[in-house]
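S.K.: model the following, please.
(4 chains, ligands or ions: 4)
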Amino acid sequence: MPELSYREAVRDALSRAMRDDEDVFIMGEDIAEMGGSMGVTQGLVDEFGPERVRNTPISEMALAGAAIGAAMQGMRPVAEIMYEDFLTLAAEQIVNQAAKHRYMSGGQVTVPVTFRTQGGAGWSPGAQHAQQLESWFVHIPGLKVVFPSTPTDARGLLWSSIYDDNPVVFFEHRTLYGIKEEVGDELEPIPLGQARTHRQGEDVTVIATGRLVHEALAAAKEAEEEGISVEVVDPRTLLPLDEDALISSVKKTNRCVVAHEAVVRGGFGAEVAAVVQYGAFDWLDAPIERVGAKFSPLPFAPVMEDFVVPHANDVLEAIHRTVSRT
Amino acid sequence: MPELSYREAVRDALSRAMRDDEDVFIMGEDIAEMGGSMGVTQGLVDEFGPERVRNTPISEMALAGAAIGAAMQGMRPVAEIMYEDFLTLAAEQIVNQAAKHRYMSGGQVTVPVTFRTQGGAGWSPGAQHAQQLESWFVHIPGLKVVFPSTPTDARGLLWSSIYDDNPVVFFEHRTLYGIKEEVGDELEPIPLGQARTHRQGEDVTVIATGRLVHEALAAAKEAEEEGISVEVVDPRTLLPLDEDALISSVKKTNRCVVAHEAVVRGGFGAEVAAVVQYGAFDWLDAPIERVGAKFSPLPFAPVMEDFVVPHANDVLEAIHRTVSRT
Amino acid sequence: MAKVEQKGTLSKSDLREFFREMLLIRRFEEKVEERFRAGELPGFLHVAIGQEAVAVGVCRALVEGDIIASTHRAHGHTLAKGTTPNELMAELYGKLEGCSHGYGGSMHLYDIERGNIGANAVVGGGLPAIVGAALTFKLRCYPRVGVAFFGDGATNIGTFHEALNLAQLWQVPAVFVCENNHWAESTPSWQHMPIEDISQRAVAYGMKAVKVDGQDVEAVYKATRRALEHARGGKGPVFLAVNTYRLVGHYIGDPQVYRSKQELEETRATQDPIEHLRTKLELSGDEVEEIDREVQEIVDASVEFAKNGTDPKPEDALKNVYA
Amino acid sequence: MAKVEQKGTLSKSDLREFFREMLLIRRFEEKVEERFRAGELPGFLHVAIGQEAVAVGVCRALVEGDIIASTHRAHGHTLAKGTTPNELMAELYGKLEGCSHGYGGSMHLYDIERGNIGANAVVGGGLPAIVGAALTFKLRCYPRVGVAFFGDGATNIGTFHEALNLAQLWQVPAVFVCENNHWAESTPSWQHMPIEDISQRAVAYGMKAVKVDGQDVEAVYKATRRALEHARGGKGPVFLAVNTYRLVGHYIGDPQVYRSKQELEETRATQDPIEHLRTKLELSGDEVEEIDREVQEIVDASVEFAKNGTDPKPEDALKNVYA
Ligand SMILES: Cc1ncc(C[n+]2csc(CCOP(=O)(O)OP(=O)(O)O)c2C)c(N)n1
Ligand SMILES: Cc1ncc(C[n+]2csc(CCOP(=O)(O)OP(=O)(O)O)c2C)c(N)n1
Ligand SMILES: [Mg+2]
Ligand SMILES: [Mg+2]
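M.R.: Ligands and ions are numbered 1, 2, ... in the order given. Alright, predicted model coming up:
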């Protein structure tokens, strides 16, 4: 069984898809020789050439839109938006075009495009290079939204995203690129829309995404030592959302913490809280706790950045708050 | 006491501010002779001239950004984004620039800009001219987000937005422009961050925004005839959010419905539900109901559009669901 | 609509055919105005009265497989690209028989089979897709061209810049048809654009630019043919700067407070492309009347067809969100 | 940094002052590289080694009240605009004494008092604000000019297009300084831009464009002065196409797999603006050494200052979100 990093897992899905299928190609800023700003696409231009591993100019609207146009003609492009923050530039194309062409045409056309992007704090890039904006896209009918937290998930979900006939916004987390895991020789596609339970537990469910899955697992381990049994569930696909998995876990544990790196206010955790309080109302023994970034842009100085973004201890404190409620 | 329509109320705030203060000016596409696509700024160019009522080219990024730059030099610009859907084009400037300059500079600068925009369905413009995207901006620290539902609120809140030293995204609802109300001769500024209780009630709280405030009031009237007493609260300012007002209302009624025109999934109602379940957990007798657009882009054909967006009867049904829970 | 055989010179009968099509578009849009004012048509409508020669001249030059992307002012393009008046009118009535099956409306007219990848209600919104489509044609060695329509106002938006830049950089087979009607809604060109000669926009990309009189359908046809040849031949995209006039309001119901009645009347009197062609073809009153009767019948029939069409069920709104 | 008196010709001592400042920027950035590699500096850093003549030539031409907006590659601009090395270094160390008080970092350097309205980590992100600032100057009849720095790569983004278009349309006093270093990260100009002469971008707006050798500080200074005069005199904005070279990686740590060692070495050997000026001024080894010692001391002192600076408290993160 090979061991792959999250970065390599993404690359593996891309290269397998490109090897299997002439319709798949990738495009983005500096993805060729440089392998993208995170090295994810390193080496791919050597294997597939510059026509299928296309460096683009700094034109987020046009690169997103060109991918959409190619997808409408039957290709399966994967467009990389270098930083999540720059989704704000591609937003019109993703939201008004990709998400709506099928609908506005009354079903005449499919738009099988994948937008890969990455973000996340923890390395002091400042306020314009580490935002987490996944919740914006969860609000847009016509899109699918994926956010893997492990190499296996990244590989299997990216494959499924590429082969999904709908536009997918695929979020990677910058600080996860280095984490490693053994994965099968064969790539196992993971269906979009299925949550993954990382850890069974009895006392509280932590629903976490991205980097916070790992923080939640660390918190769960600490909690276990204190005698609190924590279930950790990662929705993985944020849209469509596997509501059943989340609700049934909470029906079992009766308590719920939602955790992500994005700002709490208006974040994906709000949607999860709204869904869970609705679906598991009679089972809940305590209010749903939300863990996420504090309410500020991301500051530069590491002590401040560290304070703003959530860590395992924030999840643990939320676990404590919820179990102490009677 | 003059009677003003919602449209005139917005105009009144703009013209009073411009009359009082040389620093205030307005800019946007077709706002001069044409008075904007909704006629809101009609006549203003005659009074204030084309330097202060500036037609811009179709350049949402540059017009938003120029307003930001002028604000940083001490002006108080009001920039109009013709349709909310086009906020997707101005998003980079609003989110990465306006919201963050003060923070990234460590407090050296203020950005007293107001972005006015409007949207809303009910007239079959199709999928790219009637989205409601207010929840995106509620997720962005550094911004304030305002969404008035009445002429009085529109006037008083727009004034406060213009004179707030922070960037404000000010949402108007297209179908409300015609509604009329008596307002005072004097413009009474309404502080940002204060909810308004439109109607006292005992059995259930409906927290509604924009057009849905009126639908909620209609539903409340019907419910009353059935013997259900409904309190209707409009947050008016979505960011900062008057959590106390919402929570204390629900603590009184023990039941809560959240209603807006935007798509339910990932909408502002999710945030409200998350806040209310947290703050009023022990008081809630039923899960919080969410009312909003069904999960699709906006369709063209009126019968479908009407089906997708929520109306008074949707609010009423939600009220029924919540009161029938035991 | 039968395709005129592709050729450099146009016979009188070809031009007669063009005349017929332009008149059909005109009568169709007049009917749309009428039905809108009668309260029968929902939504937000923009007609292109005065710009018919652009739609017809460009689309007649296309061959099977070529595609277009259009704008908020899309009826003419759509008809000229082959969508039947029935399907178009049914769409405007919000019927399942419409070219977007009632999901799109006037600003979102699609006809994928006939090569219309969509009218776009976001100014500039459709341009990048044309670049991507044309890239696909290039990668797959299809001898096809992607054509984007847009207005003078659209040249101010970033999407335009990025799309043309990318098209030229990647040398894709695309033609960018700028319908310069000198207005963006109520804003005159001089107030939204710092240059007079719109073809200068192309210099920033080193893109081949061609200027053409948009009120002369033959000129448009010929310029488009050359542009298509250039693009199809792998020589890169072309910017077609078409000078034209909108002889009506920006949208149906526009009181046009921003332009004088006199200016409007003068323009109408001198810049009607249908009048121009009639004069050129020396069509007699009788001939015109006959053609007119014929196209009017088609238009009337389309209204009949549309009114008899099927309303979607409310729940249909939840279809087609995902594939 | 003392302001050189505004004049058309530069004396030898003016140029010596320029030399000193360019060397200070060079040594400052070398120190930044060193401290970053030593693990002392957080974040994401881009140095402008090779481009010092642009920063100094442009900023020395400015007068009190003029403002700049900068990019991700902002250290040189910031120093040249008058922020002290101490305040800049303290910012890079994330200290309260930093020019952005530890909130900004290398890509977000502000110094409002000294007319730096912010470095921007979004390519093109700062351009519209310069248009709005310059509009304010115009509306208030202030004799001030707004200057935006950006790279060749930035000319591909929609924000650039919209901002320049608007600036020209509104005839605001702005100067757009394009530092064409022929690369956007790993992407060479020919791969991201369909034209060779970047000044052609300005044709699309009818904007006055001036080309200048960015490795010659005197040329940059003079061209900027003329551009400022033009803009300040109400004649409209100017596009300054500056040809320059980045002699190092895109970011600190960039292995530069995308360009050959040989190309890099050749460029370094022939395109060092500090070497050029040294030769022109015929500075002796001793003279250079003396200046070098002086600026090195300033740089070393800035590191001392920064290290002794105050760390923000974690909770300070919640300040300055709102006014
Ligand atoms: C991005 C965007 N901004 C604003 C609008 C509103 N709008 C619709 S049409 C139009 C004017 C377009 O002018 P032009 O491109 O010249 O086309 P024309 O209407 O003259 O055919 C505007 C501003 C829009 N649809 N999209
Ligand atoms: C909108 C946006 N897209 C991508 C990036 C990532 N990025 C940072 S610098 C850069 C290259 C900029 O090239 P250029 O404008 O020539 O400036 P230079 O780095 O050469 O000084 C890129 C792509 C960004 N910061 N902003
Ligand atoms: Mg026009
Ligand atoms: Mg460069």
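S.K.: when you work out contacts or count neighbours from here on, use the C-alpha atoms and nothing else.
M.R.: Noted.
S.K.: check contacts around the residue in chain C positioned nearest to chain D.
M.R.: Closest to chain D within chain C is C:G158: 3.5 Å, counting by Cα to the nearest Cα. Neighbouring residues of C:G158 by Cα atoms under 8 Å, 6 or more residues apart in numbering or on different chains: B:59, B:61, D:157-162.
S.K.: how about the strands in chain C?
M.R.: For chain C, applying DSSP state E gives strands covering C:67-70, C:116-119, C:146-151, C:174-180, C:183-184, C:187-188, C:208-213, C:238-243.
S.K.: now do the buried residues in stretch C:279-298.
M.R.: C:288, C:291-292, C:295-296, C:298 (16 or more other Cα atoms under 10 Å in any protein chain shown).
S.K.: oh sorry, the question was meant for stretch C:238-253
M.R.: Buried residues in stretch C:238-253 (16+ other Cα under 10 Å): C:238-252.
S.K.: looking at the strands of chain C, which is nearest to C:E282?
M.R.: With respect to C:E282, and counting by Cα to Cα, the nearest of the strands of chain C is strand C:208-213 at 19.9 Å.
S.K.: give me the sheet partners of that closest one and which way each runs.
M.R.: The strands that strand C:208-213 pairs with in its sheet are strand C:238-243 (parallel) (by DSSP bridges).
S.K.: tally of neighbours for the nearest residue to C:K235 once chain neighbours are set aside?
M.R.: The spatial neighbour of C:K235 that comes closest, neighbours along the chain excluded (Cα to Cα, 6 or more residues apart in numbering or on different chains), is C:Q171 at 7.0 Å. By other Cα atoms under 10 Å in any protein chain shown, the residues close to C:Q171 number 21.
S.K.: next: C:E196.
M.R.: Neighbour tally, C:E196, other Cα under 10 Å: 12.
S.K.: and it, what pLDDT?
M.R.: pLDDT recorded at C:E196 is 97.
S.K.: which one of the strands of chain C lies nearest to D:R140?
M.R.: strand C:187-188 (25.1 Å).
S.K.: partner strands of the closest one, with direction?
M.R.: By DSSP bridges, strand C:187-188 pairs with strand C:183-184 (antiparallel).
S.K.: I'd like the distance between C:G206 and chain B.
M.R.: Distance of C:G206 to chain B, given as Cα to the nearest Cα, to the nearest Å: 23 Å.
S.K.: one more: C:G43?
M.R.: Distance from C:G43 to chain B, by Cα to the nearest Cα: 4 Å.
S.K.: so which elements touch the lengthiest strand in chain A?
M.R.: Across chain A, the longest stretch assigned as strand under DSSP E is strand A:256-263. Contacts defined by 3 or more Cα pairs under 8 Å, 6 or more residues apart in numbering or on different chains; DSSP states H and E place strand A:256-263 against strand A:204-208, helix A:211-225, helix A:268-279, strand A:289-293, helix A:312-324.
S.K.: got the residues of the stretch 1-150 of chain A near ligand 2?
M.R.: Proximity of the stretch 1-150 of chain A to ligand 2 (Cα under 6 Å from any ligand atom) is limited to residues A:58, A:86.
S.K.: what about 8 Å?
M.R.: A:29-30, A:57-60, A:81-83, A:86, A:89, A:129 (Cα under 8 Å from any ligand atom).
S.K.: follow-up on the earlier one: neighbouring strands - and their directions - for the longest strand of chain A?
M.R.: Applying DSSP bridges, one finds strand A:256-263 paired with strand A:204-208 (parallel), strand A:289-293 (parallel).
S.K.: how about residues contacting it?
M.R.: A:120, A:131-133, A:204-213, A:216, A:250, A:268-269, A:272-273, A:284, A:286-296, A:309-310, A:315, A:318-319, A:322, B:139-140.
S.K.: for D:A202, which of the strands of chain C is the nearest?
M.R.: Using Cα to Cα, the strands of chain C put strand C:208-213 closest to D:A202, at 16.5 Å.
S.K.: C:L24 and C:D300 touch, don't they?
M.R.: No: with contact defined as Cα atoms under 8 Å, C:L24 and C:D300 do not form a contacting pair (10.9 Å).
S.K.: which one of the two is surrounded by more residues?
M.R.: C:L24 (26 against 17).
S.K.: what sits against the most centrally placed residue in chain C?
M.R.: Nearest residue to the geometric centre of chain C (Cα atoms, centre = their mean): C:H77, 3.0 Å. Contacts of C:H77 were listed using Cα under 8 Å, 6+ apart, and they are C:55-56, C:59, C:70.
S.K.: same thing with A:V323?
M.R.: A:203-204, A:255, A:286 are the contacts of A:V323 under Cα under 8 Å, 6+ apart.
S.K.: residues near residue 255, how many?
M.R.: In the absence of a named chain, this looks at chain A. 27.
S.K.: wrong chain, I was asking about chain C
M.R.: With other Cα under 10 Å as criterion, C:P255 counts 12.
S.K.: can you check A:E181 too?
M.R.: A:E181 - counted by other Cα under 10 Å - has 16 other residues nearby.
S.K.: ok, which stretches of chain A are helices?
M.R.: Ranges of helices in chain A, per DSSP state H, are A:6-20, A:44-48, A:60-72, A:87-91, A:101-104, A:134-138, A:151-163, A:211-225, A:243-253, A:268-279, A:302-308, A:312-324.
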